[in-house]
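Engineer: need a 3D model of the following:
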Amino acid sequence: MEGETFLWLIRHAPVDGVKGTIHAADAPADLGDRVQLEALRQRLPPDAASFASPARRTVETARALGLEPALVPEFSEQDFGDWTGRRHDELAASGGEAYAQFWSNPAHGRPPGGESFEDQVARVRLGLAQIGAGSATLVVHSGTIRAALCIALDLTPQAALRFVIDPLSLTRIDRLATGWRVVAVNQRAA
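Structural biologist: From the prediction side, this is the model:
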């Protein structure tokens, strides 16, 4: 791939749903923080290519930022399989050994019917390879941004899970001819 790529990674707005739930792809975004959305929109590069996970919350956030993104399945959040739609406290109380085992090694563990974070990193790597030179905005999930940071910094998946990525935060990374550069992580625009 020729040329440098400048990526603006935005975590979607908070989910408009029950907190502590492993939300499905159709969970809506809470777009009530208009001040943060506008401040974030002002920081985005004009005329950049725009991409998003196909999840409803990322698409709604992108549109609230004035973007019409191409949907990239590789940027989806980690697939939690059978646990999707369930609450963490419920799973901890009744999830048995599988739930406890998963959290003892979340980078490599797989929920029943789901994927590991390590699997997500491999998938995000394929998605990033689809983005050409120039500036691009990606409205995605916290796990997707952690995966991109894992790739950019050549971290282990376990180490990349240490990053905090807040809703409506901005992370900036660049793919250069000589490797990656991390400009900023988890910034609030307002």
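Engineer: how close does the most centrally placed residue in the chain sit to Glu60?
Structural biologist: Nearest to the mean C-alpha position of the chain, by CA atoms, centre = their mean, lies His141 at 2.3 Å. Using CB to CB, to the nearest Å, His141 is found at 13 Å from Glu60. Bear in mind the C-beta positions are built from the backbone N, C-alpha and C, glycine included.
Engineer: contacting residues around the nearest residue to the residue nearest to the centre of the chain once chain neighbours are set aside?
Structural biologist: Among residues not flanking His141 along the chain, Glu77 sits closest, at 3.8 Å (CB to CB, 6 or more residues apart in numbering). Residues in contact with Glu77, defined by CB atoms under 8 Å, 6 or more residues apart in numbering, are 25, 53, 55, 120, 141-144.
Engineer: from these, which ones fall inside strands?
Structural biologist: In strands, defined here by DSSP state E, there are no members of the contacts of Glu77.
Engineer: now tabulate those in TSV and tack on distance to Gln42 and pLDDT.
Structural biologist: Below are the contacts of Glu77 laid out as TSV (distance: CB to CB, whole Å; pLDDT from 0 to 100):
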residue	distance to Gln42	pLDDT
Ala25	29	96
Ser53	23	98
Ala55	24	98
Gln120	30	98
His141	23	98
Ser142	22	98
Gly143	26	98
Thr144	23	98
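Engineer: now those: which count as buried?
Structural biologist: Among these, the ones that count as buried by 16 or more other CB atoms under 10 Å are 53, 55, 120, 141-144.
Engineer: so which pair among these is furthest apart in space?
Structural biologist: Ala55 and Gln120 (13.5 Å; CB to CB).
Engineer: burial count for the residue nearest to Gly85 when sequence neighbours are not counted?
Structural biologist: Excluding the flanking residues, the one nearest Gly85 by CB to CB, 6+ apart is Ala24, at 5.4 Å. Ala24: 14 surrounding residues under other CB atoms under 10 Å.
Engineer: how far away is Ala24 from Gly66?
Structural biologist: Going from Ala24 to Gly66 by CB to CB gives 26 Å.
Engineer: check Asp26 too.
Structural biologist: Distance, Asp26 to Gly66, using CB to CB: 23 Å.
Engineer: got the buried residues for stretch 122-137?
Structural biologist: Using 16+ other CB under 10 Å as the test for burial, stretch 122-137 gives 123-124, 127-128, 131, 135-137.
Engineer: which other residues reach the top strand by length along the chain?
Structural biologist: In the chain, with assignment by DSSP E, the single longest strand is strand 179-187. By CB under 8 Å, 6+ apart, the surrounding residues in contact with strand 179-187 are 149, 151-153, 163-166, 169-174.
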